[in-house]
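**Student:** just the structure for this:
(one chain, ligands or ions: 1)
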Amino acid sequence: MILEIKNIRKSFSGTEVLHGVSFSITSGKALGFLGRNGAGKTTTIRILMGLFDANEGEILLDGKPFNPREHSIGYLPEERGLYPKQKILDQLIYFGELRGLSRKKAKENTLYWLEKLGVLEYKDKKLETLSKGNQQKVQIAETLLCDPDIIVLDEPFSGLDPVNSQILKDVINELIDKQKLVIFSSHQMTYVEEFCEEISLINKGDIVLTGNLKSIKKEYGANRIILSAINLNINELQNILFNKVKDIKILESKNDYLIIELINGKTKNELLNDLIGLDIDIEKFSVYEPTLTDIFVQKVGDK
Ligand SMILES: Nc1ncnc2c1ncn2[C@@H]1O[C@H](COP(=O)(O)OP(=O)(O)OP(=O)(O)O)[C@@H](O)[C@H]1O
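**Tutor:** This next block holds a predicted model:
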């Protein structure tokens, strides 16, 4: 399946907050939907879920107009929506039935997910009596209850400790392996890097970067080199480069290496020749791979 969001525009009281948002998601490849606070992620997701109407644009599933009511979608919203005073098992069965499962199947699926997420022991408790993280896991169970093909997760890791985060990571990876279409919105870049093959970055209502994460990282790191020497400490290396090597810019000096940018068309081999000519005993010489946080800050940080 391929879900295409095409040229979506949305205004609230005459102020446009989405200015023609377009990106696509394919089953079996999770998409990380990223952006600063107020960039337009939730609004885009709500339009996708049919909770808001767009002023312009269209959403297509495999080339046909997408109607969220005709599909099984698991949506974990930013604001959690279960009943605090109801017993967990009862309300999840209720939600399962509401979405078309038989009572038997709804109970079976509820028990499966509560067990998988490690909260089965609380099934007869009221939701409000659980800790924040355990309430979060119940909400995730509710999201996955009907075996949805399209899964939209807004900050699913919030409130989870490292052990529970690992359980959820395994669950998400299983969903991806099962060819589900997964949209993952989060400010926690390390999670995005772990399982999103694709990303879309939205800034002030415009998509400013979208595509395959590996290719984006390559592109961002293309002219940057990590360098260290055996016979020189970082300060000595930095001084020699500054005084003797042309067409490079020292971007950052870390504890044990430098990050250098090649400028004016200088190639890696030319730099390597310079280093050999200067009798620098190279320890590290590799293409710099930026983290997603580096890319995010460069692209949408305050300049
Ligand atoms: N119902 C609404 N009425 C008026 N303005 C709204 C409404 N919902 C969102 N907005 C505005 O639209 C813009 C985008 O908000 P949105 O909630 O989509 O951002 P977001 O990227 O999800 O942010 P965050 O990361 O903080 O959750 C903001 O300027 C917000 O104030």
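**Student:** could you use CA atoms for every contact and neighbour count after this?
**Tutor:** Fine.
**Student:** how is this protein partitioned into domains?
**Tutor:** Residue ranges for the structural domains of the chain, counted by automatic domain parsing, are given in the record as 2-211, 222-300.
**Student:** next, format those domains as TSV and append distance to the ligand, mean neighbour count and mean pLDDT.
**Tutor:** TSV is the format used below for those (distance: least, Cα to the nearest ligand atom, whole Å; neighbours: other Cα atoms under 10 Å; pLDDT from 0 to 100):
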stretch	distance to the ligand	mean neighbour count	mean pLDDT
domain 2-211	3	18	94
domain 222-300	12	15	93
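**Student:** strands along the protein, start to end?
**Tutor:** Along the chain, counting by DSSP state E, strands occupy 2-12, 15-26, 30-35, 56-61, 64-65, 73-76, 150-154, 181-185, 196-203, 206-212, 224-229, 248-253, 258-262, 282-287.
**Student:** for the last one, output the C-alpha coordinates as CSV.
**Tutor:** Output in CSV follows, covering the C-alpha atoms of strand 282-287 (Å, rounded to 0.1, in the frame of the first residue of the first chain):
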residue,chain,number,x,y,z
ILE,A,282,46.5,9.4,10.0
GLU,A,283,44.5,7.7,12.6
LYS,A,284,40.9,8.3,11.4
PHE,A,285,39.8,9.5,8.0
SER,A,286,36.2,8.8,7.3
VAL,A,287,33.1,10.4,5.8
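**Student:** would you give the sheet partners of that strand, along with the direction of each?
**Tutor:** Under the criterion DSSP bridges, strand 282-287 sits next to strand 224-229 (antiparallel) in its sheet.
**Student:** who's in contact with the partner strand?
**Tutor:** By Cα atoms under 8 Å, 6 or more residues apart in numbering, the list of residues contacting strand 224-229 from outside reads 234, 237, 256-262, 280-288.
**Student:** 7 Å instead, please
**Tutor:** Contacts made with strand 224-229 from outside it, assessed by Cα atoms under 7 Å, 6 or more residues apart in numbering, are listed as 256-262, 280-288.
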